[in-house]
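A.B. asks: turn this into a structure:
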Amino acid sequence: MNCLHVLDELRPLEEEFADVLVVVGVHSPKFAHEGDPAAVEAAVERYGVRHPVLDDPDLRMWDAYAARAWPTLAVIDPEGYVVAQMAGEGHAHGLAVLVRELVEKFGDTLRRGESPYVAPPEPTSALRFPGKVIAHGEGFLVSDTAHHQIVELDGSFAEVRRFGAGRGEPFAEPQGLAALPAEVAAEVGYDVVVADSVNHALQGLRLADGRVTRVAGTGEQLRERPQPGGSSPASSTPLSTPWDVVWWADRIAVAMAGTHQIWAFAPRTGEVEVLAGTTNEGLRDGPVSEAFFAQPSGLAVSRDPDDRGDDTLWIADAETSAVRSVRLSAVPQVSTAVGLGLFDFGFRDGPAAEALLQHPLGVAVLPDGSVAVADTYNGAIRRIAAGQVTTLAQGLAEPSDVLVDGDTLVVVESAAHRLVRLPIPAGARVDAGAHTVRRPVTDLGTRVALRIDFTPPTGQHLDTRFGDPTVLTVAASPESLLVSGGGTSAGLTRTLELAPGEGVLSVSVAAAACDLGDAVFAACHRYQQDWGVPVRVGQGSDDLVLDLRAVE
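C.D. replies: Numbers count the residues shown, from 1 in each chain. From the prediction side, this is the model:
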């Protein structure tokens with residue numbers, strides 16, 4: 001998700017400095033499916049990448065540039081030297097400042113001109129990388145993501161009509177759809193809520209005339225780290241890449257993929273709130289105020305058979321290859337049905353505690369109360385029932401959503417640009433093996449000095465007049481790995497006490513750098529990043545340095 005944000009941040013720079021700046025993407029895959037060259041080509045098309053992309057399936061470039069995070073950005077000067085290395089998103093302003101400095105420094109030695117890169121022609125099809133589907137009357141509504149439209153289909157998947165002009169207006173890569181109850185729709189004046197991912201907004205769609213109204217979000221990406229609790233006006237609260245929506249507990253639940261959280265939007269009051277998740281990327285269960293998610297991307301609701309209002313929200317948590325759930329009990333809790341963490345995935349059926357998925361994007365509740373999963377990177381539909389995982393269908397092209405329609409399943413086969421209908425089979429057993437993300441392990445001692453390397457861009461500084469403008473959070477998996485030094489506090493340094501063993505050290509940082517000057521209300525820019533660092537504790541370094549924005 002952070003990489004997708006950076007693609008959008010780079011587009012204005014590519015235009016402004018088209019005659020002097022060359023952008024080269026390096027695709028160092030996390031998941032096994034992402035190492036397939038066809039999947040890389042599809043992703044380049046899906047996200048409108050207009051610069052050359054180097055496929056790095058064995059992570060050789062990743063190692064050569066000592067990358068530790070997706071994304072990592074390296075700036076290379078005309079003489080071939082790395083002059084800056086940055087992790088995460090939010091660097092567009094600082095990059096622009098740095099490029100201008102380099103252009104001034106190297107002046108006439110620059111080779112200017114148009115890029116030699118020529119993008120391949122865009123193929124045509126009725127749908128282009130569709131994302132999500134919901135039932136509508138006798139047919140369906142589907143988000144035609146790469147065409148930036150919502151499409152109404154009849155029961156045989158024939159097109160009835162389209163909503164939106166395309167090319168980002170009023171939708172930009174729309175994803176999830178949620179139909180409002182009739183009485184709520186009558187009150188608020190729209191029928192469907194659309195998760196408009198690139199516009200960082202929720203849109204209200206009135207089906208009678210196609211009118212679209214932004215009902216949540218400002219159109220700007222949220223740069224803060226909000227915590228669960230409290231509410232705010234939806235129209236003035238920034239969002240970050242909402243990916244799916246569903247009606248739950250008398251409001252719209254939102255999979256806020258960009259902040260790794262679950263939010264809620266109340267159409268009647270026009271307010272939003274954070275329901276669950278701390279913004280830390282990972283897999284941690286427990287109270288909603290302490291839980292970790294990682295790019296939640298699909299939502300479904302199983303109804304309480306006793307009608308006590310205790311419905312369960314099911315969540316496809318893509319980056320942890322997990323299916324999670326939230327129940328609004330006396331103490332709202334997050335639980336994991338399937339999934340082991342950020343760096344473990346695979347294609348394995350059996351007991352849920354041992355089963356493996358690979359980057360699921362969709363979930364649905366079957367008639368018997370079991371849960372179907374669009375297991376996207378495994379090209380499969382999986383089923384979770386009675387503590388067991390089975391496989392219902394295989395050989396699909398990146399299924400991104402699944403919908404129950406009578407005794408059949410409607411599957412969004414995103415990379416095949418179509419919807420398909422499948423019977424609901426009893427399920428089969430698959431064991432295609434387990435995978436762990438291939439990244440170098442960092443050897444550390446038991447007492448470690450953690451430092452975040454951050455150099456503000458020219459013209460900015462860390463403004464401490466109103467307190468420390470930095471926040472650092474440290475956690476570990478397993479939790480026993482981190483003896484002391486965990487939690488959240490200000491600062492860019494921390495002393496950690498670690499227990500011998502192996503695991504993943506999770507580090508999150510945010511820093512605000514403000515323009516120089518005496519103005520009380522100087523413009524400020526926020527930089528933030530999450531790292532998951534595989535570590536082996538015992539005999540190793542006593543220092544761990546992570547680059548947020550390191551400039552030579």
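A.B. asks: can you list contacts of stretch 6-25?
C.D. replies: 47, 49-54, 71, 73, 89-92, 95-96, 99, 103, 110, 112-115, 198 (CB atoms under 8 Å, 6 or more residues apart in numbering). C-betas here are computed from N, CA, C, even on glycine.
A.B. asks: where does the chain dip in pLDDT?
C.D. replies: 305-309, 465-466, 517-523 (pLDDT under 70).
A.B. asks: break down it into its helices, ranges please.
C.D. replies: 2-16, 37-46, 60-64, 92-106, 182-188 (DSSP state H).
A.B. asks: picking that back up, okay, and which of the contacts of stretch 6-25 map to strands?
C.D. replies: 53, 54, 73 (DSSP state E).
A.B. asks: for residue 286, which of the helices of the chain is the nearest?
C.D. replies: helix 2-16 (24.6 Å; CB to CB).
A.B. asks: tell me the angle of that closest one relative to helix 37-46?
C.D. replies: Put simply, helix 2-16 runs at 60 degrees to helix 37-46, going by axes from the mean of the first three to the mean of the last three CA atoms, to 10 degrees.
A.B. asks: report the inter-axis angle for helix 2-16 versus helix 92-106.
C.D. replies: 40 degrees.
A.B. asks: okay, buried residues for helix 2-16 please.
C.D. replies: Burial within helix 2-16, assessed by neighbour count using 16 or more other CB atoms under 10 Å, is assigned to 2, 3, 4, 5, 6, 7, 8, 9, 10, 11, 13.
A.B. asks: and stretch 377-394, by the same measure?
C.D. replies: Those would be 377-384, 389-393, for stretch 377-394 by 16+ other CB under 10 Å.
A.B. asks: okay if I get these as CSV plus distance to residue 437?
C.D. replies: Compiled in CSV, these are given as follows (distance: CB to CB, whole Å):
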residue, distance to residue 437
377, 13
378, 16
379, 19
380, 20
381, 24
382, 20
383, 26
384, 23
389, 21
390, 25
391, 23
392, 27
393, 26
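A.B. asks: between those, which sits nearest residue 440?
C.D. replies: residue 377 (22.8 Å).
A.B. asks: for residue 281, see how far away residue 367 is.
C.D. replies: 34 Å (CB to CB, to the nearest Å).
A.B. asks: between the two, who's got more neighbours?
C.D. replies: residue 281 (23 against 9; other CB atoms under 10 Å).
A.B. asks: please name the bridge partners of the more buried one.
C.D. replies: residue 293 (DSSP bridges).
A.B. asks: can you pull the contacts of it?
C.D. replies: So residue 281 contacts 260, 292, 293, 294, 295, 319, 342, 506, 508, 530, 532 (CB under 8 Å, 6+ apart).
A.B. asks: who wins for neighbours among those residues?
C.D. replies: Using other CB under 10 Å as the neighbour test, these are led by residue 293, with 31 neighbours.
A.B. asks: in terms of contact, does that residue touch residue 262 like I think?
C.D. replies: Yes. With contact defined as CB atoms under 8 Å, residue 293 reaches residue 262; the gap is 7.0 Å.
A.B. asks: overlap in contacts of those two?
C.D. replies: With CB under 8 Å, 6+ apart as the test, residue 293 and residue 262 both reach 276, 277, 315.
A.B. asks: who's in contact with the last one?
C.D. replies: Which is residue 315. Going by CB under 8 Å, 6+ apart, the list of residues near residue 315 reads 255, 262, 293, 296, 298, 299, 323, 324, 325, 326, 363.
A.B. asks: hmm, back to that, which of the buried residues of stretch 377-394 fall in strands?
C.D. replies: 380, 381, 382, 383, 384, 389, 390, 391, 392, 393.
A.B. asks: pretty sure the last one contacts residue 413?
C.D. replies: The one in question is residue 393. No. Using CB under 8 Å, residue 393 is not in contact with residue 413, being 10.3 Å away.
A.B. asks: closest one of the shared contacts of residue 293 and residue 262 to residue 236?
C.D. replies: Of the shared contacts of residue 293 and residue 262, the one sitting nearest to residue 236 (CB to CB) turns out to be residue 277, at 21.4 Å.
A.B. asks: gap between that closest one and residue 263?
C.D. replies: From residue 277 to residue 263 the distance is 9 Å (CB to CB).
A.B. asks: now the common contact residues for those two.
C.D. replies: Common neighbours of residue 277 and residue 263 (CB under 8 Å, 6+ apart) are residue 256.
A.B. asks: export the ones in strands among the contacts of stretch 6-25 to JSON lines and tack on distance to residue 240 and neighbour count?
C.D. replies: Listed next are the ones in strands among the contacts of stretch 6-25 as JSON lines, based on distance: CB to CB, whole Å; neighbours: other CB atoms under 10 Å:
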{"residue": "53", "distance to residue 240": "25", "neighbour count": "16"}
{"residue": "54", "distance to residue 240": "28", "neighbour count": "11"}
{"residue": "73", "distance to residue 240": "19", "neighbour count": "22"}
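A.B. asks: closest to residue 397 among those?
C.D. replies: residue 53 (20.2 Å).
A.B. asks: for the closest one, what are its contacts?
C.D. replies: Here residue 53 is in contact with 24, 25, 26, 27, 40, 44 (criterion: CB under 8 Å, 6+ apart).
A.B. asks: one more: residue 252?
C.D. replies: Contacts of residue 252 (CB under 8 Å, 6+ apart): 178, 180, 193, 202, 245, 246, 264, 265, 266, 267.
A.B. asks: likewise for residue 456?
C.D. replies: 94, 462, 513, 549.
A.B. asks: of the contacts of residue 315, which is the nearest to residue 408?
C.D. replies: residue 363 (17.0 Å).
A.B. asks: distance of that closest one from residue 286?
C.D. replies: 21 Å.
A.B. asks: higher neighbour count, the two?
C.D. replies: Neighbours per residue, other CB under 10 Å: of residue 363 and residue 286, the larger number sits with residue 363, 30 against 12.
A.B. asks: next up, the contacts around the more buried one.
C.D. replies: Contacts of residue 363 by CB under 8 Å, 6+ apart are 298, 299, 300, 314, 315, 316, 323, 371, 372, 373, 374, 402.
A.B. asks: now, which of those sits nearest residue 494?
C.D. replies: residue 315 (30.7 Å).
A.B. asks: partner residues bridging the closest one?
C.D. replies: With DSSP bridges as the rule, residue 315 is bridged to residue 299, residue 324.
A.B. asks: relative to residue 361, how far out is it?
C.D. replies: Distance from residue 315 to residue 361, by CB to CB: 11 Å.
A.B. asks: quick check: neighbours shared by these two?
C.D. replies: Joint contacts of residue 315 and residue 361 (CB under 8 Å, 6+ apart) are residue 298.
A.B. asks: ends of stretch 26-33, what's the gap?
C.D. replies: Terminal residues of stretch 26-33 are spaced 16 Å apart (CA to CA, to the nearest Å).
A.B. asks: in it, what's buried?
C.D. replies: Applying 16+ other CB under 10 Å to stretch 26-33 flags 26, 27, 28, 29, 30, 31, 32, 33 as buried.
A.B. asks: list the contacts for the fifth one?
C.D. replies: Translated: residue 30. Contacts of residue 30 (CB under 8 Å, 6+ apart): 70, 437.
A.B. asks: go again using 10 Å as the cut-off
C.D. replies: By CB atoms under 10 Å, 6 or more residues apart in numbering, the residues touching residue 30 are 3, 59, 70, 319, 342-343, 345, 359, 377, 435, 437-439.
A.B. asks: now the contacts of residue 363 in JSON lines, with distance to residue 235?
C.D. replies: Conversion of the contacts of residue 363 to JSON lines gives the following (distance: CB to CB, whole Å):
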{"residue": "298", "distance to residue 235": "26"}
{"residue": "299", "distance to residue 235": "23"}
{"residue": "300", "distance to residue 235": "28"}
{"residue": "314", "distance to residue 235": "29"}
{"residue": "315", "distance to residue 235": "26"}
{"residue": "316", "distance to residue 235": "28"}
{"residue": "323", "distance to residue 235": "33"}
{"residue": "371", "distance to residue 235": "34"}
{"residue": "372", "distance to residue 235": "35"}
{"residue": "373", "distance to residue 235": "34"}
{"residue": "374", "distance to residue 235": "32"}
{"residue": "402", "distance to residue 235": "33"}
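A.B. asks: out of these, who's nearest residue 352?
C.D. replies: residue 323 (8.8 Å).
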